[in-house]
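Chemist: Sequence first, predicted model second:
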Amino acid sequence: MTGAREHILSAVRRATGTGAAGAGADDTVASRLAAHAPNLRPARAADNATVVSRFAEEAVRAGTDVRHATGVDEIPAIIAAYLREQNMPGGIRVSDDPISTAIPWVNEPLISVSTGAADPGDTASLSVALSGIAETGTLMMNSSPENPTMLNYLPFLHVGVLPESQIVGSLESAWSILRRQSGSENTAMPRMINLITGPSRTADIEQELLMGAHGPQKHMVIILKEK
Amino acid sequence: MSQIKTERFRENTRSALADRQLQAVLGKFADGFPVKRAQAIARLPEFDALRDAARDIKNHVLENLGPYLEQFEAQVIASGGQVHWCRDAEEARQTVLSICKNADARTVTKSKSMIGEEVDINDFLEDNGIEPVETDLGEYIIQLRREPPSHIIAPAIHLSKQQVAETFREKHADRAADRSLESPRVMLDEAREELREQFLGADVGLSGANMLVAETGSIATVSNEGNIELTCGLPRVHIAMASIEKIVPTLEDAATILRVLARSATGQDMSVYTSFITGPRRPDDLDGPEEFHVVLLDNGRTELLASEFRDILRCIRCGACINHCPVYEAIGGHAYGWIYPGPMGAVLTPGLLGMETTQHHPNASTLCGRCESVCPMRIPLPDLLRKWRTRQFGAEITPTASRYGLKVWAYFARHPHLYRLITKTGAIFLFAAGGRKRRFRHLPFAGGWTDARDLPAPQGRSFMAQWRQRPPRRSGGRL
């Protein structure tokens, strides 16, 4: 609706007192976008030596099960123990990320591993996070052909593997990783970025807090320390 | 479902106050969100400074909204999406319908959207043979009951668990009639199962958006259940509906707003799921929709932008003002007669629907100021309510008796000698008439007071008379 577009934009310009040319406003906007400067960041969001422990602490507060691994070879045992503990079936859907494909599952023959996009029947999934945010214990999952997003949502248990070196203080620092990764100051945004802080929940019936609304009822983060 | 009944506010209020079930649910309200919010803020000493930063971001956006909207549009298109500009609710409905028709859609899954409520999209789709399915648990429950939401972030907060159980028993008719629906857990699991099928079978997913990021052309969504991502991610087509003021400039600005949003809403540091969605499925992606549409709605916002009510456009729909409003706590959300209740609703609703049918909303407030004190965007809500009252007076919407009374009062207020003479005489007269009990059970023109309680009789002299005769202060000087 071109008519509607022009109508709305000219009403906005009248209301804000910027002329049709709007050169001044355009410059203001362009320089703010180019600078993409962070605003105030709270002290607890600092990028310092304690980001890993703070991430773990905040993630646990949010209801995440946090585990530590030194090397991908420890991951199968962690998953196997958790599935047993939760009395879950032994299948897991694993993303095609270089880190997840390096996981040696042979030591856990009871776990059956599949790859590809999430299937509604999947009970557990594993994919790799781009970053972890210590301020709130939040995982940053980016969509890609290797890490399809529905892995984060359809199964009962989602496991996010988080390389320790990718843990930062704030969301702003995670955006910097994204901007660096895309090789330019203009971010090349993935189709979907999921910031995940704990398992799915609702309090819509009489304000009673319950885990596992539509997304995973269990959310695990494995903090991976590369050897 | 979202029929507009704002002009019935007074009648609605009376029945809400007399509704015992509603009052029982509302009685628990103050122990929920406000307590959790206070706890979250106690852990963040910079919270007030972050409110300033959040306010400044939105003020900057509103001052430069034109170029930001154009930038957002350009980035959506660059990432393979489409933008649809809609002046009013009707254009938005027609736009959504035509996208659904092009997709041969039979069912549409929906995540909670206040813009969807505002344009009443569900009824419209149904009338056109398309089945909309709400997926947020609260919205799902009220959709089954064919009720409007009573709160912008907790739409079913007016219901007891017994009422939800009755609804599920009636509407999930193919399940065993004698099954137990005792606990919210059981009800949630049942809803999750029902909705899983809907998620997987839907042709179109319809969501709202908490923010529109101009820098990247992304929409940002916030939820705790995970239903938004299943709504946006599984069907072949994703439509996001948002009003034009939802713009933020950059990803960094979005981060600032997120710090105040969840804390103000549910008292979480961060909601469980915050997602940034940019365009449709990429060439090698294994999942995601093939089409991505943003429906940009004005519906009165540009008029508010040009008016003295611009500040309300900073609102991020956290619900904090509602959660702290003594009026909302007494009457609930349905009494307001439309979808935006509480203080933000009392300011926004007259702006969107006009003053004539919403005259009671700005007056249903004691201007206690709690709303402004908790608003993360520092919107001066009591001040904006007062501005609506002033406008009502100017437009002669205020009832004749009140306007006449106010004019009489204003005359005397401008003539202090007369004013004092009258109050002095009145005080003497009431002192004499006060009788031995020193109180009045009935008083002409003061029924609003004496119907519910006695009025203490004055003790004879006016305040001004007493003030003049006060003993001199030792330290000397005037106050």
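Modeler: Done, it's in.
Chemist: tell me which strands and helices the helix or strand containing B:S98 is in contact with?
Modeler: B:S98 belongs to helix B:89-102 when assigned by DSSP states H and E. In terms of contacts (3 or more CB pairs under 8 Å, 6 or more residues apart in numbering or on different chains; DSSP states H and E), helix B:89-102 is packed against strand B:82-86, helix B:121-127, strand B:204-207, strand B:237-243, strand B:291-297. All C-beta spots, glycine's among them, are computed from the backbone N, C-alpha and C.
Chemist: Now for chain A, the helix or strand with the poorest mean pLDDT.
Modeler: Least confident helix or strand of chain A, by mean pLDDT, DSSP states H and E, is helix A:23-35 with a mean of 87.
Chemist: Indicate which one of the helices and strands packed on helix B:89-102 is closest to chain A.
Modeler: Of all those, strand B:82-86 sits nearest to chain A, with 4.0 Å by CB to the nearest CB.
Chemist: Now do that closest one: distance to the chain's middle.
Modeler: Put simply, strand B:82-86 sits 25 Å off its chain's centre (CA atoms, centre = their mean, to the nearest Å).
Chemist: and the stretch 251-400 of chain B, which residues reach chain A?
Modeler: B:251-253, B:255-256, B:258-259, B:266, B:268-282, B:284-288, B:296, B:298, B:302-303, B:305-306 (CB under 8 Å from any CB of the partner chain).
Chemist: three-state assignment of the nearest residue to B:G319 once chain neighbours are set aside?
Modeler: Nearest residue to B:G319, sequence neighbours excluded (CB to CB, 6 or more residues apart in numbering or on different chains): B:I153, at 4.3 Å. When classified by DSSP: H, G, I helix; E, B strand; the rest coil, B:I153 comes out as coil.
Chemist: so B:I153 touches B:R317, yeah?
Modeler: Yes - using CB atoms under 8 Å, B:I153 is in contact with B:R317, at 7.3 Å.
Chemist: If you count surrounding residues, which of the two has more?
Modeler: Neighbours per residue (other CB atoms under 10 Å in any protein chain shown) separate B:I153 from B:R317, with B:I153 holding more: 23 against 18.
Chemist: ok, that one to B:G267 distance?
Modeler: Distance, B:I153 to B:G267, using CB to CB, to the nearest Å: 12 Å.
Chemist: closest point of the stretch 201-350 of chain B to chain A, which residue?
Modeler: Going by CB to the nearest CB, chain A is nearest to B:G226 of the stretch 201-350 of chain B, at 2.4 Å.
Chemist: Now do the contacts for that residue.
Modeler: A:Y153, A:S200, A:A213, A:H214, A:G215, A:P216, B:V272, B:Y273 (CB atoms under 8 Å, 6 or more residues apart in numbering or on different chains).
Chemist: Now do the residue nearest to B:G319 against B:N323, distance only.
Modeler: From B:I153 over to B:N323 the distance is 9 Å, taken as CB to CB.
Chemist: Helices along chain A, start to end?
Modeler: Per DSSP state H, chain A carries helices over the ranges A:2-16, A:23-35, A:51-61, A:75-85, A:98-101, A:171-181.
Chemist: circling back to that earlier point, from A:A213, how far out is the residue of the stretch 201-350 of chain B closest to chain A?
Modeler: Using CB to CB, B:G226 is found at 6 Å from A:A213.
Chemist: Name the residues contacting each of those two.
Modeler: Residues touching both B:G226 and A:A213 (CB under 8 Å, 6+ apart) are A:S200.
Chemist: ok so, going back, against B:K161, how distant is the residue of the stretch 201-350 of chain B closest to chain A?
Modeler: 22 Å.
Chemist: if we look at the helix or strand hosting B:L26, which residues are touching it?
Modeler: Element membership of B:L26, judged by DSSP H and E, is helix B:20-27. The contact list for helix B:20-27, computed with CB under 8 Å, 6+ apart, reads A:E206, B:A16, B:L17, B:I157, B:H158, B:L159, B:S160, B:Q163, B:E329, B:A330, B:G332.
Chemist: Just the buried residues of the residues you listed.
Modeler: Among these, those scoring as buried are A:E206, B:A16, B:I157, B:H158, B:L159, B:Q163, B:E329, B:G332 (criterion: 16 or more other CB atoms under 10 Å in any protein chain shown).
Chemist: So A:M220 is in contact with A:G160, correct?
Modeler: Yes - look at A:M220 against A:G160 with CB under 8 Å: they come within range, at 7.2 Å.
Chemist: Give me the distance between the closest residue in space to B:S243 that isn't next to it in sequence and B:R453.
Modeler: With sequence-adjacent residues excluded and distances taken as CB to CB, 6+ apart, B:S243 is closest to B:L297, at 4.9 Å. As judged by CB to CB, B:L297 and B:R453 stand 47 Å apart.
Chemist: higher neighbour count, those two?
Modeler: Between B:L297 and B:R453, B:L297 has the larger neighbour count (other CB under 10 Å), namely 26 against 9.
Chemist: ok, what's across the strand from the more buried one?
Modeler: Taking DSSP bridges as the rule, B:L297 bridges to B:C86, B:S243.
Chemist: quick one: it and B:E90 touch, right?
Modeler: No - checked against CB under 8 Å, the pair B:L297 and B:E90 is beyond contact range at 10.9 Å.
Chemist: Quick check: neighbours shared by these two?
Modeler: Taking CB under 8 Å, 6+ apart as the criterion, B:L297 and B:E90 both touch B:V119.
Chemist: where does the residue nearest the centre of chain A land on pLDDT?
Modeler: Residue closest to the mean C-alpha point of chain A, counted by CA atoms, centre = their mean, is A:M140 at 2.3 Å. Here, the pLDDT recorded for A:M140 equals 98.
Chemist: How many neighbouring residues does residue 164 have?
Modeler: Here I'm looking at chain A. If we define neighbours as other CB under 10 Å, then A:E164 has 16 of them.
Chemist: Not quite, go with chain B.
Modeler: Residues within reach of B:V164, counting by other CB under 10 Å, total 25.
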